[in-house]
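# Sequence plus predicted model, see below.
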Amino acid sequence: MDYNPIAKLYDNYEKNATTLWALGYPYVMNHLVPVTNKQILDYGCGSGTFSRFLRDQGAKITGVDVSETMIEVAMLNDTENISYRSITSADIGFLKDDSFDFVVSNFVLCTIPKLDEIRNIIKEIHRVLKKNGTFIIMNSNWERSNGREFISYKLEFCNNLFPGQRIDAKLKTDPPIIFEDYFWSREDYINSMKDCGLTLQVIEEPVAHNSEVPWIDEMTHPPFIIFVAGKTSK
């Protein structure tokens, strides 16, 4: 998928995505403790919204993305104490070994059509993580929420989910953005991390509990699946 044409529209979407900010990112932040003065790589940073949020919490941020236009939008928004760079997939050789306390990757690996490419990315993330560093992945939760609608987006129903299957998430923008994703099971992600030297620590599938927010399916079906893995050796 070419993200360049939708960069500005996606930037506006992410800043105001209720499902993401009220239910997704708070759970990610629970695993970024302590965040102050920590070196964090935002792999697939998009237009930099979450990078800026982490920076505002006191972290030292490097943001990379395969979309040149997303990086341009991120840099137009704000570059203070954030280093942005456009890359090709898995091409982070310019980053030093053992240099990051945390790596976060939100809605990135689910856009990759080949498992080998996912593993190449994870290998590089393992390389740049410090010993005892943490890798956090957040994706849409297709296994438990196929066809469900949330405040900020909808997972278009797919009748037959299998590894590598093309799937669509419809973001509620004007006009709507159709994100072309690919289905990979939790076992695919777990095995890929294990094969690349990472140890799974936690899987979270948050559902909403605060009825004051006008949730749709968020209270019964988890919009996100969050993997937390650690690097325990070189």
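All right, it came through fine.

# Now do the buried residues in the longest helix anywhere in the chain.
For the chain, the helix reaching the highest residue count under DSSP state H is reported as helix 115-128. Within helix 115-128, the residues that count as buried by 16 or more other CB atoms under 10 Å are 115, 118, 119, 120, 121, 122, 124, 125, 126, 127, 128. (Each C-beta comes from the backbone N, C-alpha and C, glycine too.)

# any idea which of these is the one closest to residue 135?
Lowest distance from residue 135 to the buried residues of helix 115-128 (CB to CB) belongs to residue 125, with 5.6 Å.

# what's near enough to touch the closest one?
By CB atoms under 8 Å, 6 or more residues apart in numbering, the residues touching residue 125 are 41, 43, 103, 105, 135, 196.

# just residue 217 next, same as before
145, 148, 149, 150, 223.

# Settle this for me: the last one is touching residue 142, isn't it.
No - judged on CB atoms under 8 Å, residue 223 makes no contact with residue 142 at a distance of 10.4 Å.

# And these two? Which one has more around it.
Per other CB atoms under 10 Å, whichever of residue 223 and residue 142 has more neighbours is residue 223, with 28 against 23.

# out of everything not next to it in sequence, what's closest to the more buried one?
Among residues not flanking residue 223 along the chain, residue 150 sits closest, at 4.9 Å (CB to CB, 6 or more residues apart in numbering).

# And for residue 141?
Using CB to CB, 6+ apart and skipping the chain neighbours, the partner closest in space to residue 141 is residue 225 (4.3 Å).

# again with residue 44
Closest to residue 44 by CB to CB, 6+ apart is residue 108, at 3.2 Å.

# And that neighbour, how far from residue 173?
From residue 108 over to residue 173 the distance is 19 Å, taken as CB to CB, to the nearest Å.

# Comparing these two, which residue is more hemmed in?
Set residue 108 next to residue 173 and count neighbours by other CB under 10 Å: residue 108 wins out with 21 against 17.
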